[in-house]
Structures are given as C-alpha cells and as structure tokens.
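Q: One predicted model, sequence on top.
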Amino acid sequence: MSVLTLLDPAVHLAHDVVSALAGLLPTALAIVVFTVCVRLALHPLARAAARGQKAQARLAPKIAELRRKHAKHPEKLQAELAELYRAEQASPFGGCLPGLAQAPFFSVMYRLFTTPNDLLHHTVFGVPLGLHVNAAHGQGQLLVFGLLYAALAGVGYLSFRNARRAVTDPTAPGAALLPYLSFGTVLFATLVPLAAGIYLLTTTTWTVAERAFLHRDARPAQPLAVQPAR
C-alpha cells in the first residue's frame, strides 16, 4: 500500500469541493479558484516562513564570518552557530519548517490530479484535463501544453531572479545552485496531466507574488566579501 493512500480522505474532500466549483465554473477555472483559496488559508504559514528568512538574512554576515573563521574546525563551527542562534532567539529552520507544513496540501493536489477520476475527463480548449503531453496530438493540443510550459517558465524565471537576489550567504553549501530549482516545475509539469500543470502554474504564481509581497521591504542581498585568514 502506498503512503499516499493515507491521504485518500483529504483527496476525496478536495475532489468534492472542486466538483462543486466545477458546477458553477469551467473545471480548469475551478482548479485555479480552489488552489487560490487553499493558498490563502495557508498564508499565515508563509508569513511565519518570511519572518524566519528575514532573521536568517539579518544573521548572514555573522554566519559567514563564523564559517570563515572555523572552516577547518567543523565541531567548533557548529557550537558557535548554535550559540549565535540561541543568543539571537532565532532558528536555522525558521524559514523552512512552515513551508514543510504545506507539503500535505501539495501531496493531496498531486494525488487528485494524477489519479483517474471524473474531473480529468473535462476539457480546457478542447484538451482533456487528464491528458499527458506525450499523448497530445494535433497543433491545438500541443499549443495548449506549449502555452502552459511557457507560462511556467516565465514564473520560474521570476522565482529564479528573486532567489538569486535573496542569497545572503554565498558560502553556504548549494547556495549557487538553489535558485535554479525554480525551473523544476517546468520539467515536473511534463510528467503529469494537464490538470496538475494548471495547479502547478497557479500555486507557483501565488508563491512568487506572495514572496514579493512579504519581502517588499527587504533590500537586495549584497555579495559578502570574504576576508583572507590572518
């Protein structure tokens, strides 16, 4: 039995809500509206994540200095970092834990739009919502998928640009590569049905807009100058 089957009660509830909305709106638009409503309900978690990220940005210069100072002594580095977070009443996980709390919703939506159900028989511009791009035929269907991927790439670029500006500690492992994960939704969208692609476009657009709003007063991160060891 798959672990995802534990989400079935929530999946059934999401299905019923989207179906009810689809009785009033086109199904594709019902997916958008439902996703926006849930993301709005999860907004307090995003605000908590933003507070954690701002605290991390505020401590970034001190963290970078500690990494430089204790580069050859990892145990000393971990002890100093723990003391810094304790003194500042901050957490290195403050920015990511609220985001992880949103994961169950994303899992529910993924299962809803990748498990056969009646919603996937509906169409948008003549393309079934349950259709995968590798099964698309004709210029019309390929155009719909092409427009979806282009929109996802555009949102991914905005996310990539914001992520690069938000890097506060270039010395942290993986700091240079993390912004490129913004384009992962485009690749993922090619593996799931059209309905899941519409969900991805909606939720990633919300994420970019929400982050811009929550970090509207933040200054772009400046590259940190690494001082030579003496």
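A: Sure thing, it's come through. Numbers count the residues shown, from 1 in each chain.
Q: And the pLDDT at the residue lying closest to residue 122 once chain neighbours are set aside?
A: Nearest residue to residue 122, sequence neighbours excluded (CB to CB, 6 or more residues apart in numbering): residue 27, at 3.9 Å. For the C-beta atoms, the positions are set from N, CA and C on the backbone; glycine is no exception. Looking at residue 27, its pLDDT stands at 95.
Q: Next up, the contacts around residue 145.
A: 127, 133, 136, 194, 197 (CB atoms under 8 Å, 6 or more residues apart in numbering).
Q: my read: the residue nearest to residue 122 touches residue 130, true?
A: No. With contact defined as CB atoms under 8 Å, residue 27 does not reach residue 130; the gap is 10.9 Å.
Q: Residue 197: neighbour count?
A: 27 (other CB atoms under 10 Å).
Q: what's the closest non-adjacent residue to it?
A: residue 189 is the one closest to residue 197 (CB to CB, 6+ apart), at 4.3 Å.
Q: can I assume the one you found is in contact with residue 199?
A: No. Judged on CB under 8 Å, residue 189 makes no contact with residue 199 at a distance of 9.5 Å.
Q: What segments of the protein are helices?
A: If DSSP state H is used as the criterion, the helices of the chain fall at 8-22, 27-41, 43-69, 74-88, 97-101, 103-114, 138-165, 184-189, 194-214.
Q: Distance of the residue nearest to residue 122 relative to residue 127?
A: In this view, residue 27 and residue 127 are 12 Å apart by CB to CB, to the nearest Å.
Q: and what of residue 195?
A: For residue 195, the distance to residue 127 - CB to CB - is 10 Å.
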